[in-house]
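K.L.:
okay, here's the prediction I keep looking at, along with the sequence it came from:
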Amino acid sequence: MSQNPKYSEHQETLIALVTHLAMTDWSMRTPTNLSKALSIDVNEIKIVLEDFKGLFRKSNKKSKKTDDPFYTLQIRYAKQWLDENEEENENDKKPPLESEILIKLLDFVIAKAAEERANKILSIAPWITALASLVVAALALIFS
């Protein structure tokens, strides 16, 4: 898994996972079930769930059918722990997160991806400027 995951490289998967995990009745899902529900490759799902630990929490519990670990949103886990202070149970159905929380999470993912793209452009801008200067200097030599 990646040391510094890129929001911009996984933006669509992040949006799908955050939305699904925020809005379903199940407070936890396995990568296999998420893949089936979202029609996203299970390997992409696993990469995103493992790399973005600030968004997703990996449970110590595993599915009896697939031996996959369960994942939930960090904020959903914290919220249910604060609200109910009970053990996590993959079979428990929980109400979805409030839409305000979902909107903030999606805004965060979109903002991080946009910031990464802007930083990428800023990092190549000096090289483009240098190349343009070389082209102008070469043209000046040719036409002088």
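P.N.:
That came through fine.

K.L.:
and the contacts of the biggest strand by length in the chain?
P.N.:
Secondary structure of the chain per DSSP state E: the longest strand is strand 56-62. Contact partners of strand 56-62, identified using C-beta atoms under 8 Å, 6 or more residues apart in numbering, comprise 17, 21, 28, 48-50, 68-74, 77, 88, 90. Every residue, glycine included, has its C-beta placed from N, CA and C.

K.L.:
go again using 10 Å as the cut-off
P.N.:
Outside strand 56-62, the residues that touch it by C-beta atoms under 10 Å, 6 or more residues apart in numbering are 14, 17-18, 21, 27-28, 30, 48-50, 68-78, 87-90.

K.L.:
which ones among those residues lie within strands?
P.N.:
Using DSSP E, the contacts of strand 56-62 in strands are Pro69, Phe70, Tyr71, Thr72, Leu73.

K.L.:
top of the residues you listed by neighbour count?
P.N.:
In terms of neighbour count, Tyr71 stands highest of the ones in strands among the contacts of strand 56-62 at 25 neighbours, by other C-beta atoms under 10 Å.

K.L.:
okay but that one is in contact with Thr32, surely?
P.N.:
No: between Tyr71 and Thr32 there is no contact under C-beta atoms under 10 Å: 11.0 Å.

K.L.:
now do the shared contacts for those two.
P.N.:
Common neighbours of Tyr71 and Thr32 (C-beta under 10 Å, 6+ apart) are Ile45, Lys46.

K.L.:
ok, back up a step: give me the buried subset of the contacts of strand 56-62.
P.N.:
For these, a burial check counting by 16 or more other C-beta atoms under 10 Å picks out 14, 17-18, 21, 27-28, 30, 48-50, 68-73, 75-77, 88, 90.

K.L.:
flag the shaky bits of the chain, pLDDT-wise.
P.N.:
1-2, 81-92, 120-126, 144 (pLDDT under 70).

K.L.:
mind listing the helices for it?
P.N.:
In order along the chain, the chain carries the following helices (DSSP state H): 11-23, 31-38, 42-51, 74-84, 99-142.

K.L.:
buried ones in the second one, by neighbour count?
P.N.:
Translated: helix 31-38. In helix 31-38, the ones that count as buried by 16+ other C-beta under 10 Å are Pro31, Thr32, Asn33, Leu34, Ser35, Leu38.
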